[in-house]
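Chemist: Sequence and predicted model, in that order:
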Amino acid sequence: MRNTMKQFLPLAGAASALMLAAGPALAQEASPEVPANSVYIFNTLLFLIGGFLVMFMAAGFAMLEAGLVRTKNVAMQCTKNMALFSIAAIMFYLVGYNLMYPGEGWIIGDVIGALGAKSIDEVGGGDVAAGYSAGSDFFFQLMFCATTASIVSGTLAERIKLWPFLIFTVILTGFIYPIEASWEWGTGWLDDLGFADFAGSTLVHSAGGWAALAGAIILGPRLGKYKDGRVNPIPGSNLPLATLGTFILWLGWFGFNGGSQLAMGSIGDVTDVSRIFVNTNVAAAAGALVALALTQVLYGKVDLTMVLNGALAGLVSITAEPLAPTQFLAIIIGGVGGALVVFAVPMLDKFKIDDVVGAIPVHLVAGIWGTIAVVLSNSDATLMAQLTGIVAIGAFVFVVSLVVWSVLKSTMGIRVSQEEEMLGLDSAELGMEAYPEFGKGSQFV
Amino acid sequence: MRNTMKQFLPLAGAASALMLAAGPALAQEASPEVPANSVYIFNTLLFLIGGFLVMFMAAGFAMLEAGLVRTKNVAMQCTKNMALFSIAAIMFYLVGYNLMYPGEGWIIGDVIGALGAKSIDEVGGGDVAAGYSAGSDFFFQLMFCATTASIVSGTLAERIKLWPFLIFTVILTGFIYPIEASWEWGTGWLDDLGFADFAGSTLVHSAGGWAALAGAIILGPRLGKYKDGRVNPIPGSNLPLATLGTFILWLGWFGFNGGSQLAMGSIGDVTDVSRIFVNTNVAAAAGALVALALTQVLYGKVDLTMVLNGALAGLVSITAEPLAPTQFLAIIIGGVGGALVVFAVPMLDKFKIDDVVGAIPVHLVAGIWGTIAVVLSNSDATLMAQLTGIVAIGAFVFVVSLVVWSVLKSTMGIRVSQEEEMLGLDSAELGMEAYPEFGKGSQFV
Amino acid sequence: MRNTMKQFLPLAGAASALMLAAGPALAQEASPEVPANSVYIFNTLLFLIGGFLVMFMAAGFAMLEAGLVRTKNVAMQCTKNMALFSIAAIMFYLVGYNLMYPGEGWIIGDVIGALGAKSIDEVGGGDVAAGYSAGSDFFFQLMFCATTASIVSGTLAERIKLWPFLIFTVILTGFIYPIEASWEWGTGWLDDLGFADFAGSTLVHSAGGWAALAGAIILGPRLGKYKDGRVNPIPGSNLPLATLGTFILWLGWFGFNGGSQLAMGSIGDVTDVSRIFVNTNVAAAAGALVALALTQVLYGKVDLTMVLNGALAGLVSITAEPLAPTQFLAIIIGGVGGALVVFAVPMLDKFKIDDVVGAIPVHLVAGIWGTIAVVLSNSDATLMAQLTGIVAIGAFVFVVSLVVWSVLKSTMGIRVSQEEEMLGLDSAELGMEAYPEFGKGSQFV
Amino acid sequence: MKLVIAVIKPFKLEEVREALTGIGVQGLMVSEVKGYGRQSGHTEIYRGAEYVVNFVPKIKIEIVAVDDQVDRIVETIASTARTGKIGDGKIFVVNVEAAVRVRTDERNEDAL
Amino acid sequence: MKLVIAVIKPFKLEEVREALTGIGVQGLMVSEVKGYGRQSGHTEIYRGAEYVVNFVPKIKIEIVAVDDQVDRIVETIASTARTGKIGDGKIFVVNVEAAVRVRTDERNEDAL
Amino acid sequence: MKLVIAVIKPFKLEEVREALTGIGVQGLMVSEVKGYGRQSGHTEIYRGAEYVVNFVPKIKIEIVAVDDQVDRIVETIASTARTGKIGDGKIFVVNVEAAVRVRTDERNEDAL
Ligand SMILES: Nc1ncnc2c1ncn2[C@@H]1O[C@H](COP(=O)(O)OP(=O)(O)O)[C@@H](O)[C@H]1O
Ligand SMILES: Nc1ncnc2c1ncn2[C@@H]1O[C@H](COP(=O)(O)OP(=O)(O)O)[C@@H](O)[C@H]1O
Ligand SMILES: Nc1ncnc2c1ncn2[C@@H]1O[C@H](COP(=O)(O)OP(=O)(O)O)[C@@H](O)[C@H]1O
């Protein structure tokens, strides 16, 4: 299946072939093919640009989360985001990549990939027949792994200890994500089954959401969040930072979805990348506007944090199939994502699952929706295959995460003490404060 | 006229042709032309890169404005910026694009374009003869529409109601901007006349400025801004955010101006894009430094907010013609822009026009200057044509905006109540606060 | 030596030639060379993308520094960062570029380059034989000059007067940096000697660090930093901004190192760029994680500011040779950089050298380490040549900076008065405040 | 000497300060407080959850004045800060036993 | 009337406020302060340098109440804010000579 | 017992705290205030418009002490906070009727 194999790419791009097949008239008037060397450069460049855009999403998550936690936990949230991205970089190199893309070397066929650190092209090397440089592909794929970990940190903020969180990140980025992602993008069993997830609504976003959900359940809600049967809102400390984070994520998503075309060395491919950019953008817009309108209608006032979540939910929703929909359909898909968030946030609260930044509604709920919505535009996708993928990956990630969180809990403990939580993780675990000054007058030292 | 038609682009780029004409010796030693397929990819890529850079300007405006309003209105300013960008994305798709680029389908020839939603290339499609993918062009052009709306939100901050503002944004991005922009970039009557506005000093920046000016007049100044004949400064709440916003805008401007070359599939085109980057950068630098020096000389102290405005004014000034000037001339053009801002800000105050972030000096005043300055380097431009464009677009946008604002005012009202304004829009209209914590000690909940 | 000549690039890229030589089997199966025009476009595009990424590093430095100074000096730090980038843009154009890249026109052979403003390709021009457009090269190289100046501003924050700082910046960006950088990248005497510094661990980072060190010595520490033999920590006012700044710098570094490949118009080159991205990323990750682990072990608590410095130190360390190392070696190199920072920060304090943001440990110390580490992977590099370069550039920049700072001190004075320092530079020199509101309740005015 | 403590609505500060200057008050201190009183109790919704806003931002003004000025100060604040709507605030008066001007070491009434 | 000034640990504020509401207190002011006391003195490390944290964040509550409510208020605050650990805070009582409700110009006990 | 209220220049805080510790003061509260007094009145320019800066940042220190320590505390603050320039601040003394240490329920002088 095209586009489900998020790595393999025959010379000159699957898409050009498709174009030839699909539009003979068009293909005829095309001048001779783009030379293979140029194709290689274009494809590699797509990975590099896509990669640095997605890398910047790490900053987006950091700012979003720093803005949505209380002041007393802001420095810790920054620390976790720096650390998790760094851990992902190293773990994906050491084990993740080859687990995810074993080629022919599966340990357990189509289920568990290969072990071993990833090696890339030599200096001055590169094989034109590969269609792109191995390093650019690694760079790009790594960023998806890091994104999965970023999702978890937001949900569990303000109460989880630093070190167990980092250990979970090691396991998530080194094993959990690569294994489930191999089933599809590594051409494992889900790919064989016809499951379609273009850029990772399920593989990345729902997966991150499931890991976060397992953590939230084991960890419990923040002190005071639910008391006497009431939900006690805990407002985020810095909404412009959260807004900035959302804009950065929106920007990065062009790399996330656009780069997942995996090729731009042909007219068909680069045209598809453009289509993806357009759909990605408008889905985010629709998600934001639906959340804006819905909160106005439901609560009588617009809720900025929901608008931000709505934009992100629009983005997550379109991620499973950002190419096939028309712009109109993309608006619908993104808009539904925005609506889902508005309803899912209070619903989670009903279950006393405390998700500090709304990562579960945004990434898990909208991720499931987006994966189902693939069938609306992609005729190769079947509802059955989509549901199988959603359930299989959900079950795997959720159960393994539950186990890991439980083991961490019963060994080193995952939650700070009540007193530390009240004091704030910044003082308790870092011994420093995000905004240490005593108001602006702190001209004393 | 080349470069005034901000969309149409014959196969392989007008600029290559120009290059062939202009430099035969050079052209001879050039190896055979870049293959048409590659040209298509390069051009499309320019739009995509330019587009995501300009998209990020939405974050720049959001941060600039969030930094320059008072704390009590910061969350609202973030909300407006998220919403206006989203509205622009949807309106430009639904009506804006075809109004702006009717091709042969003008409703009123060269004045009012076509109606109907924009459709882009099919999956795997793309016509090499078009020179770039339709989606990439749409994506890029959309961002200019959104920028126009961003300009308005800053001026009217801290007192305008959310919903009337959003309705105005719908009209601005769906109709006002596309119509006036069609006159030039849609090859309408101003283009026929020889008006030159490479990347939109007038079409985007002044237009946004005029819409903002009309709004500011109808809306009136903030409470307490002008009392007893004195101007009462209302300092912005977060200058590092405003600085960040300015840097982001500066970055995005490389996409704004560089992408407006519309092609990079030939040596001539990509060389021109480089030249545009260089001129854009140095004009911003000159604007910032002139504002820095002038505020030191005039007030005895440097005013950071003026330096930020100065950099932006430099950018706006060079936008009408970022290609033709030498670097030296770009410094002059940008520097004059920076100076204009320093004088225009207090002048607006004299007229009791309350522009919260200085958008009118930056975008309208420097935009006019930049459009006139085209004649300094572009021999195809005439002062007459430039003035005609400035006046025509100014009159159209200003009058239509005045009418729309007046209608909104007399129907739903556009201004919050005095009490709400004093309380702040965040509490009054959103029921939330940008920085809700009571200083850093708010470890209570 | 390839890669040491950071400008000259024969038609179609040295690297392609290298590839042909190095991998005949591979080269044979390659389709015909990328056409020269396409190569030109690719190379130019690399400079443009690299350039705008590095430009954004100016925002990264601004945010990092705004976050690490006290509230009372934040607006000034923003002002300095805006101004220094602007000054660099103009000075590098007026004198810097030709001093750095004199071609055949050295004033003093291989030591002092040529005088005169830089001119770039005409409109529609560009010479295919040059391999890239002159404007793109200028744009890219300019950003390195600006980076050097950004390094200085952080160290000297919170006590230096604005104007002497700006004058120093004029000299640094117009003369000091271009001259020392010409020795290597302008193919001066250090290049002849075999010194290797791929993207500027020494030429940019150590150079900035030396200039900062000289300034810190002449300027003295902030009031109250060292008293009664104790070090008195002065916490930064806004750690999420500092985190954002670090992420922006990390992003920009892909342009910094990747763009320094100077070519991507061949399979070999673009593959190398990918390799550079990968190594750059993982070195930063290692630097961050080592600093995280080390502060935990040494102090019992993780220090976020050290983690940020650690990531940057990892980046600086890999900058001298981001291409040759394997990913594993890149981890070592970056990790050692992170460790060096953790030890260098308190060491500087021992010498009562007050470096507000840790720029000397990050840029000078890790820069020296990175330059030496070249010999670990680049067989063309010799320890002798590396040390010669480190010492020569260090001595030149340090001594000249010492002289300039001393002259500035004895003429106009470089330090604000005690009272102004206590009051804060924002009030004293700008007459404005970064966060002027009296907490969030400041609904008065 | 008395210490007059007034809690008022934030946006009234500037007006009150001007009125006080008008009657000859030469010094005062201002601080931010959160008030709890009859005014509190409106509900807001944040991310779908209702909650009661208990504390309202207020400004506290503190003025030390000689005894015979106190009434005038209290009246001036009361009349200027009044909007007639709930939450206008309170004024309290506390006795002060001594005062010092740090700069000059002047004492008591001379210190004000 | 008396002014009750209580300095407590920040996270106890909400509990104390509820307890006070429970005994009929209808108004109070809250502000942030930094406390120095026995609790201070722990050392932290910042960028490799040790330093002593002298000031600890605290919340100050101020309540003006009629005389016969004061004891109950003091007891309520004391028992609610108590954790038994160092730094729990202090309560002070100061005499108040007059009170005004700005909105209505009611005086003294009626003003509370 | 007395409550000593001192308003000082912010950068003097650390010095004053050390001096007070030196004479045996074991506890105090610090808060940020904006002062209005003789010192105010300098003009600034913001975006081309002049305005008068009315309020100056100050630090307020509050100490409850037994009666016979009060004079020493006042003298210590006054001499340490003095720079001789306008705006050095004020010190006020107010009577305190009761004190409680929350942690132990100790009362009055034992509570300090
Ligand atoms: N007993 C009290 N002690 C101290 N401050 C009080 C007291 N009662 C009210 N306040 C302060 O006065 C403000 C206004 O009081 P409130 O009861 O809301 O309105 P009103 O004074 O109009 O009846 C409160 O927000 C609080 O800051
Ligand atoms: N003499 C005092 N005057 C004013 N406030 C005091 C005084 N002593 C202590 N405080 C306040 O009470 C807080 C708690 O006091 P502390 O000595 O740390 O613990 P404890 O009350 O448990 O003995 C301090 O942080 C300070 O805010
Ligand atoms: N009558 C007063 N009541 C309360 N605080 C006062 C009073 N007068 C002055 N202050 C405080 O003391 C500070 C210093 O007073 P100011 O008149 O400026 O200088 P100085 O004390 O040197 O004459 C003021 O900023 C204000 O905070």
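Modeler: It's in. Ligands and ions are numbered 1, 2, ... in the order given.

Chemist: what sits against residue A:335?
Modeler: A:286, A:287, A:289, A:290, A:314 (C-beta atoms under 8 Å, 6 or more residues apart in numbering or on different chains). To be clear about C-beta, it is placed using only N, CA and C from the backbone, and glycine gets the same treatment.

Chemist: most neighbours, which of the residues you listed?
Modeler: residue A:314 (38 neighbours; other C-beta atoms under 10 Å in any protein chain shown).

Chemist: still on that earlier bit, farthest-apart pair in the contacts of residue A:335, please.
Modeler: With distances taken as C-beta to C-beta, the most widely separated pair in the contacts of residue A:335 is A:289 and A:314, at 8.9 Å.

Chemist: give me the number of residues near residue 111?
Modeler: As the question left the chain open, I've gone with chain A. So residue A:111, with other C-beta under 10 Å, has 14 neighbours.

Chemist: look at chain D instead
Modeler: 20.

Chemist: Test my guess that residue A:138 contacts residue A:118.
Modeler: Yes. Residue A:138 lies in contact with residue A:118 (C-beta atoms under 8 Å); the separation is 5.6 Å.

Chemist: Mutual contacts of these two, please.
Modeler: Common neighbours of residue A:138 and residue A:118 (C-beta under 8 Å, 6+ apart) are A:92, A:93, A:97.

Chemist: what does chain A put close to chain D?
Modeler: A:230-233, A:235, A:298-301, A:303, A:305-306, A:342, A:345-346, A:349, A:358 (C-beta under 8 Å from any C-beta of the partner chain).

Chemist: and the residues you listed, which of them are in strands?
Modeler: A:230, A:231 (DSSP state E).

Chemist: For the residue lying closest to residue A:344 once chain neighbours are set aside, give me its contacts.
Modeler: Nearest non-adjacent residue to residue A:344, counting by C-beta to C-beta, 6 or more residues apart in numbering or on different chains: residue A:361, 3.6 Å away. Residues near residue A:361 by C-beta under 8 Å, 6+ apart: A:309, A:313, A:340, A:341, A:344, A:345, A:348, A:355.

Chemist: any idea which helix or strand carries the second one?
Modeler: In this structure, residue A:313 sits in helix A:304-319 according to DSSP states H and E.

Chemist: wait, does the longest helix seen in chain D contact chain E?
Modeler: Across chain D, the longest stretch assigned as helix under DSSP state H is helix D:67-81. Yes. Residues of helix D:67-81 contacting chain E under C-beta under 8 Å from any C-beta: D:74, D:77, D:78, D:81.

Chemist: Now list the buried members of those residues.
Modeler: D:74, D:77, D:78, D:81 (16 or more other C-beta atoms under 10 Å in any protein chain shown).

Chemist: For the last one, give me the pLDDT.
Modeler: So the one you mean is residue D:81. Residue D:81 is assigned 95 on the pLDDT scale.

Chemist: how close does it sit to residue C:148?
Modeler: 56 Å (C-beta to C-beta, to the nearest Å).

Chemist: Now do the same contact list for whichever residue of the stretch 251-400 of chain A sits closest to ligand 3.
Modeler: Taking C-beta to the nearest ligand atom, ligand 3 has its nearest neighbour within the stretch 251-400 of chain A at residue A:304, 36.8 Å off. Counting by C-beta under 8 Å, 6+ apart, residue A:304 makes contact with A:239, A:243, B:75, B:78, B:79, B:82, B:430, B:432.

Chemist: Leaving out sequence neighbours, find the closest residue to the residue of the stretch 1-150 of chain A found nearest chain E.
Modeler: Of all residues in the stretch 1-150 of chain A, residue A:72 sits closest to chain E, with a separation of 9.3 Å (C-beta to the nearest C-beta). Leaving aside its sequence neighbours, residue A:72 sits nearest to residue A:424 (C-beta to C-beta, 6+ apart; 2.5 Å).

Chemist: Return the member of the shared contacts of residue A:138 and residue A:118 nearest to residue B:37.
Modeler: Nearest to residue B:37 among the shared contacts of residue A:138 and residue A:118, with distances taken as C-beta to C-beta, is residue A:97, at 31.8 Å.

Chemist: Return the alpha-carbon coordinates of the helix holding residue A:313 using PDB.
Modeler: Coordinates of each C-alpha in helix A:304-319 appear next as PDB, following Å, rounded to 0.1, in the frame of the first residue of the first chain:
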ATOM      1  CA  LEU A 304      -8.900  30.100  24.900                       C
ATOM      2  CA  THR A 305      -7.400  26.900  26.100                       C
ATOM      3  CA  MET A 306     -10.100  24.900  24.300                       C
ATOM      4  CA  VAL A 307      -9.400  26.900  21.100                       C
ATOM      5  CA  LEU A 308      -5.800  25.900  21.400                       C
ATOM      6  CA  ASN A 309      -6.700  22.300  22.000                       C
ATOM      7  CA  GLY A 310      -9.200  22.500  19.200                       C
ATOM      8  CA  ALA A 311      -6.500  23.600  16.700                       C
ATOM      9  CA  LEU A 312      -4.300  20.800  17.800                       C
ATOM     10  CA  ALA A 313      -7.200  18.300  17.600                       C
ATOM     11  CA  GLY A 314      -7.900  19.500  14.000                       C
ATOM     12  CA  LEU A 315      -4.300  18.800  13.200                       C
ATOM     13  CA  VAL A 316      -4.300  15.300  14.800                       C
ATOM     14  CA  SER A 317      -7.500  14.400  13.100                       C
ATOM     15  CA  ILE A 318      -6.200  15.200   9.600                       C
ATOM     16  CA  THR A 319      -2.900  13.400  10.300                       C
END
